[in-house]
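Undergrad: only the shape, not the letters, is given here:
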């Protein structure tokens, strides 16, 4: 197998292992909250066993050794010999964190184990070495000269459907070999009286069985763990080799099966007959439509191809508009059908990248659990809309802003249990995460029922830093917007959770980089709600095409409030070159796009142009352009990748006539305009 092929298998292993760790963490948190569902323990055990098997197969020995000890502890819990308590839950959660780091180091080609992983592994081993009462086993007066068990004979008889369940005998044999001092295959035998002829042989069926020998003082539960996933897929019989029996006599006259050497729980006849366990088949109905793994570069290439198709369709549509002769009616019909088919294909392809936002929400139960213990607060986390889908790239980048918001809600927003009781509230505070679609956007809300933003403290800090002269005349929403200023913090002291003033401005900047917006609503004594509005995807956007001089610019629809025409008397000049215009009984800045982008031959008279009111970074401004050309679907092309980064421009697109239009970055344009006024 080539290095490229092996790397592909490694990537699948790492992805599946991280998914398994997420399942372990979720199940552990449910156990920690008081759930007594036995399936949770089975879920944790299966995930650990899968990671151990995969790491052993691919040679990640440090990961395999770590998960082996964790699996031994989980086996005691699963068998009922040990009860789940806070000590075990905490240690297993630490183990999950440690395994994530070990897998990351293994993926980077670095040694997986370090001092921390060894410390946790030793702590797990100590628990495994204790009896169910928690006391360490007493040392024996005299250790025997030889081990109590010299090894095992293993009769492994798979059922014909073994391969269809995804099980691989070679992987099982490697796991067995890692347990003992020596391992060998003593006999290979056909499952039927004889092997089928070559033309009758079904490659999807298993036709062979094996007699195996494992030497060494290996506990039976370790062997059982290897075969744990073979429920209903094989008949397995273990026969113990006594220590005083020589290898020669042991192999020629194996001990007769006794109560300890009876067929294991994996005996298919017994299990299938009782219905205790059903075979796991690849085609078993699981309630979902199945899934496949596709590399991101392949999806990006496909999306790019669809983008080119959209451009071609747009060009043909524009050509079709020029034909007036009835002879070209069929051409127009064909173009109309092409437009419908292109839109359907686009939506289908874009859905490939769509993932449920629950993948981003999954990190918060653990985060909330750790923070409430650290801060001495009691928190109830509610999550809604976990199945709401958005683009994978958007979801990856929204994770950090959401973490900031949840941490701040717990640290700043929620009161201590004593303060909540004194305020007449329930001592358990509530953090609510909610996601839903609204138009072409996804809306994510982070809400708490805490004390709300402190208007006086925010205003005082803003005046102190020179952000405002006075809070008089400012609404609560306008004061709340001040918390998004860089370095702004009202915390009395700096901690590892808050007070450094690097939180909320980072949230807004990251959200703006995604073409979204964030706003806050707060009621004193009742709590705060942070609302993030994001585009569903970053690849194709809907925009409004505008003309400025001889150039065309696309303004994202998500940022547009409305468009309007002004009279010359509606505009006020400011010292320094700035301009304001009247909009709904208020004045807001007017940004002339031809000045920002230095466009020649543009309309300069206000009454002859058009103003597009847009919102960015929590404030509204008016963009002045020559005229509106209509709504335009823009296939976003990166300027930075092909040219260089331009302030005020987020990308480019190709229009139906083959010309290039630039996509306006609203926050960047406002920033460029402000810098120009300061320079003037």
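TA: It's in. Not measured: the values here are computed from a predicted model. Numbers count the residues shown, from 1 in each chain.
Undergrad: tell me the domain ranges of this protein?
TA: Following automatic domain parsing, the chain resolves into domains at 3-128, 149-272, 296-353, 356-535, 540-679.
Undergrad: dump the ones you listed into CSV; add mean pLDDT as well.
TA: Output for the domains of the chain, formatted as CSV (pLDDT from 0 to 100):
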stretch, mean pLDDT
domain 3-128, 87
domain 149-272, 73
domain 296-353, 73
domain 356-535, 84
domain 540-679, 84
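Undergrad: export those domains as a markdown table, with columns for mean neighbour count.
TA: Where you see a C-beta, it was placed from the backbone N, CA and C, and this is true even at glycine. Below are the domains of the chain laid out as a markdown table (neighbours: other CB atoms under 10 Å):
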| stretch | mean neighbour count |
| --- | --- |
| domain 3-128 | 17 |
| domain 149-272 | 16 |
| domain 296-353 | 14 |
| domain 356-535 | 17 |
| domain 540-679 | 17 |
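Undergrad: quick one, strands of the stretch 351-500 of the chain?
TA: Taking DSSP state E, counting those that start in this stretch as the test, the strands found in the stretch 351-500 of the chain are 354-356, 379-384, 389-391, 429-438, 441-448.
Undergrad: these into TSV, with extra columns for distance to residue 638?
TA: Below are these laid out as TSV (distance: least, CB to CB, whole Å):
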stretch	distance to residue 638
strand 354-356	21
strand 379-384	34
strand 389-391	15
strand 429-438	26
strand 441-448	22
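Undergrad: can you tell me which of the ones you listed is nearest to residue 189?
TA: strand 354-356 (47.6 Å; CB to CB).
Undergrad: still on that earlier bit, closest one to residue 304 among the strands of the stretch 351-500 of the chain?
TA: strand 389-391 (14.7 Å).
Undergrad: which other residues reach the closest one?
TA: Strand 389-391 has contacts (CB atoms under 8 Å, 6 or more residues apart in numbering) with 350-351, 353-357, 398, 442, 534-539.
Undergrad: for the chain, longest helix please?
TA: Determined from DSSP state H, the single longest helix within the chain is helix 3-32.
Undergrad: helix 3-32 and the following helix or strand past it, what's the angle between them?
TA: Next in sequence after helix 3-32, counting helices and strands by DSSP states H and E, comes helix 38-57. Between the axes of helix 38-57 and helix 3-32, defined by axes from the mean of the first three to the mean of the last three CA atoms, to 10 degrees, the angle is 160 degrees.
Undergrad: just list what helix 38-57 packs against, helices and strands only.
TA: Using 3 or more CB pairs under 8 Å, 6 or more residues apart in numbering; DSSP states H and E, the elements in contact with helix 38-57 are helix 3-32, helix 61-78, helix 86-107, helix 169-179.
Undergrad: need these in a markdown table with distance to residue 515, can you?
TA: Conversion of the helices and strands packed on helix 38-57 to a markdown table gives the following (distance: least, CB to CB, whole Å):
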| stretch | distance to residue 515 |
| --- | --- |
| helix 3-32 | 28 |
| helix 61-78 | 39 |
| helix 86-107 | 30 |
| helix 169-179 | 46 |
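Undergrad: those helices: which one's closest to residue 213?
TA: Nearest of the helices and strands packed on helix 38-57 (CB to CB): helix 169-179, 9.8 Å.
Undergrad: tilt between the closest one and helix 61-78?
TA: Going by the same axes, to 10 degrees, helix 169-179 makes 90 degrees with helix 61-78.
Undergrad: and helix 169-179, what does it pack onto?
TA: Secondary elements touching helix 169-179 (3+ CB pairs under 8 Å, 6+ apart): helix 38-57, strand 149-158, strand 182-190, strand 208-215, helix 220-226.
Undergrad: run the last query once more with 6 Å
TA: Here helix 169-179 touches helix 38-57, helix 220-226, going by 3 or more CB pairs under 6 Å, 6 or more residues apart in numbering; DSSP states H and E.
Undergrad: the longest helix of the chain vs helix 86-107, what angle?
TA: Going by the same axes, to 10 degrees, helix 3-32 makes 170 degrees with helix 86-107.
Undergrad: and of the strands of the stretch 351-500 of the chain, who's closest to residue 474?
TA: Nearest of those (CB to CB): strand 441-448, 23.0 Å.
Undergrad: what is that closest one packed up against?
TA: strand 429-438, strand 527-535.
Undergrad: adjacent strands (with direction) for the shortest one?
TA: Looking at strand 527-535 with DSSP bridges, its partner strands are strand 441-448 (antiparallel), strand 517-523 (antiparallel).
Undergrad: contact partners of the helix or strand just after it?
TA: Next helix or strand after strand 527-535 toward the C-terminus (DSSP H and E): strand 540-548. Residues outside strand 540-548 that contact it (CB atoms under 6 Å, 6 or more residues apart in numbering): 552-557, 593-594, 599, 602, 625-635.
Undergrad: helices - which of those residues land there?
TA: Per DSSP H, these map to helices at 593, 594.
Undergrad: the longest helix of the chain - contacts with which helices or strands?
TA: Against helix 3-32 (3+ CB pairs under 6 Å, 6+ apart) you get helix 38-57, helix 86-107.
Undergrad: give me the residues contacting stretch 408-427.
TA: 371, 377, 378, 379, 429, 431, 448, 450, 451, 497, 498, 528.
Undergrad: so what's the gap between it and the chain middle?
TA: 30 Å (CA atoms, centre = their mean, to the nearest Å).
Undergrad: try stretch 185-199
TA: With CA atoms, centre = their mean, you get 47 Å for stretch 185-199.
Undergrad: that older thread, now render the helices and strands packed on helix 3-32 as a markdown table, adding distance to residue 205.
TA: Conversion of the helices and strands packed on helix 3-32 to a markdown table gives the following (distance: least, CB to CB, whole Å):
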| stretch | distance to residue 205 |
| --- | --- |
| helix 38-57 | 23 |
| helix 86-107 | 35 |
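Undergrad: which one of the ones you listed lies nearest to residue 199?
TA: Closest among the helices and strands packed on helix 3-32, using CB to CB: helix 38-57, at 33.1 Å.
Undergrad: contact partners of the closest one?
TA: 13, 17, 20, 23-24, 27, 30-31, 63-64, 67-68, 70-71, 74, 77-78, 171, 175, 178, 228.
Undergrad: what about residue 329, distance to residue 343?
TA: 22 Å (CB to CB, to the nearest Å).
Undergrad: what of residue 63?
TA: For residue 63, the distance to residue 343 - CB to CB - is 47 Å.
Undergrad: again with residue 510
TA: 31 Å.
Undergrad: next one: residue 38
TA: From residue 38 to residue 343 the distance is 49 Å (CB to CB).
Undergrad: next one: residue 353
TA: With CB to CB as the criterion, residue 353 and residue 343 are 17 Å apart.
Undergrad: got it, and residue 199?
TA: 51 Å.
Undergrad: ends of stretch 155-174, how far apart?
TA: With CA to CA, to the nearest Å as the measure, stretch 155-174 spans 16 Å from end to end.
Undergrad: among the helices and strands packed on helix 169-179, which comes closest to residue 305?
TA: helix 38-57 (34.4 Å).
Undergrad: now do the helices in the stretch 201-350 of the chain.
TA: Taking DSSP state H, counting those that start in this stretch to define them, one finds helices in the stretch 201-350 of the chain at 220-226, 247-252, 268-274, 296-320, 329-352.
Undergrad: in JSON lines, list those helices along with distance to residue 206.
TA: Shown next, in JSON lines, are these (distance: least, CB to CB, whole Å):
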{"stretch": "helix 220-226", "distance to residue 206": "17"}
{"stretch": "helix 247-252", "distance to residue 206": "25"}
{"stretch": "helix 268-274", "distance to residue 206": "12"}
{"stretch": "helix 296-320", "distance to residue 206": "34"}
{"stretch": "helix 329-352", "distance to residue 206": "35"}
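Undergrad: nearest to residue 588 among these would be which one?
TA: Among those, helix 296-320 comes nearest to residue 588, with 33.7 Å by CB to CB.
Undergrad: centre of the chain versus that closest one, how much separation?
TA: On CA atoms, centre = their mean, the centre of helix 296-320 falls 28 Å from that of its chain.
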